[in-house]
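*Asks:* Could you look at this predicted model? Sequence included:
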Amino acid sequence: MRQIGAITVLIGNSVSWVIPPSTLLGFLMIPPGALAALVSGSLRSEKGIFNWKLASIVLGVLNVSWYLTSVGSEAPLYPILHWTALVLVILFRGRIRVFLEDVSRLRTLIGMGICAFAGLMADSMAGNLIFIYAVGWVVPLKNVLDAVTSLGMFWLRFGIRPMPFTGLAALFMGALLITATERTVMTIVSTLIGSAVLRLLGKERALLSS
């Protein structure tokens, strides 16, 4: 069952928070990984409610929730990658699962790439939302303001016009390029590793059935 992946990640993240002991923010960040596994696993499945539709709903709810925060109205273009992930899931739909089971290496890469990207974007947005609501409660506001100031100085040192954002919006938009680069690299690495594992499993099944 595909939900086992999400449950496993949830348990693993919980254990890693306890051993060694982490912060309260670390505890709040346990669910994003499980949501990522749920989205990716649902794209691989076609049974029951665990399918591409569930993955789309999860991504859609997370993305819309961004605009319900104080940051969303000031930085409405921030979730461009997150919306891209949702669009890809809707466009390919059930073909993602078919691609993952195809003997074509290219189709396997495409299917795995969409799964990895969608999962990473779910993890990213869930983490963003938790962080936003944790500021001032779990995350000291002073630390956030210091980070925003540092980003502003970084912009000025390179002769770039100051960002037209304030507060948390400045923090997210200032780190957008870094975040996009990080997620792109993670998607590529996850795709390559995941595709290789699928091919190895396929060869093993073929040997067992022969």
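*Replies:* Nice, thanks for sending it over.
*Asks:* which one's the longest helix in this structure?
*Replies:* Counting by DSSP state H, the longest helix found in the chain is helix 176-209.
*Asks:* which secondary structure elements does that helix contact?
*Replies:* Packing partners of helix 176-209 (3 or more CB pairs under 8 Å, 6 or more residues apart in numbering; DSSP states H and E): helix 105-134. (Glycine included, C-beta is placed from N, CA and C.)
*Asks:* and the helix it packs on, what other elements does it pack with?
*Replies:* Counting contacts by 3+ CB pairs under 8 Å, 6+ apart, helix 105-134 packs against helix 24-28, helix 30-43, helix 52-66, helix 80-92, helix 95-100, helix 176-209.
*Asks:* quick one, which of those is nearest to residue 9?
*Replies:* Nearest to residue 9, of all the helices and strands packed on helix 105-134, is helix 30-43, at 4.4 Å by CB to CB.
*Asks:* Name the spans of this protein whose pLDDT lies under the cut-off.
*Replies:* Across the chain, the ranges flagged by pLDDT under 70 are 1-3, 20-22, 136, 139-166, 202-210.
*Asks:* Now with 50, please.
*Replies:* Within the chain, the stretches with pLDDT under 50 are 1, 153, 156-160, 206-208, 210.
*Asks:* Tell me the spacing between the closest residue to residue 121 other than its chain neighbours and residue 48.
*Replies:* Leaving aside its sequence neighbours, residue 121 sits nearest to residue 85 (CB to CB, 6 or more residues apart in numbering; 3.9 Å). Applying CB to CB, to the nearest Å, the value for residue 85 to residue 48 is 23 Å.
*Asks:* how far away is residue 186 from residue 129?
*Replies:* Per CB to CB, residue 186 is found 19 Å from residue 129.
*Asks:* And residue 75, by the same measure?
*Replies:* 13 Å.
*Asks:* cool, and residue 32?
*Replies:* 9 Å.
*Asks:* Look at these two and report which has more neighbours.
*Replies:* When residue 32 and residue 129 are compared for neighbours, residue 32 comes out ahead with 21 against 18, by other CB atoms under 10 Å.
*Asks:* Verify the contact between that one and residue 123 for me.
*Replies:* Yes - assessed by CB atoms under 8 Å, residue 32 is found in contact with residue 123 at 4.5 Å.
*Asks:* re the thing from before, any common contacting residues for residue 32 and residue 129?
*Replies:* Listed as contacting both residue 32 and residue 129 by CB atoms under 8 Å, 6 or more residues apart in numbering is no residue at all.
*Asks:* about what we covered before: more crowded one of residue 85 and residue 48?
*Replies:* Ranked by neighbour count (other CB under 10 Å), residue 85 and residue 48 place residue 85 first, with 28 against 11.
*Asks:* quick one, what contacts the residue nearest to residue 176 when sequence neighbours are not counted?
*Replies:* Leaving aside its sequence neighbours, residue 176 sits nearest to residue 78 (CB to CB, 6+ apart; 6.4 Å). By CB under 8 Å, 6+ apart, the residues touching residue 78 are 66, 71-72, 169, 172-173, 176.
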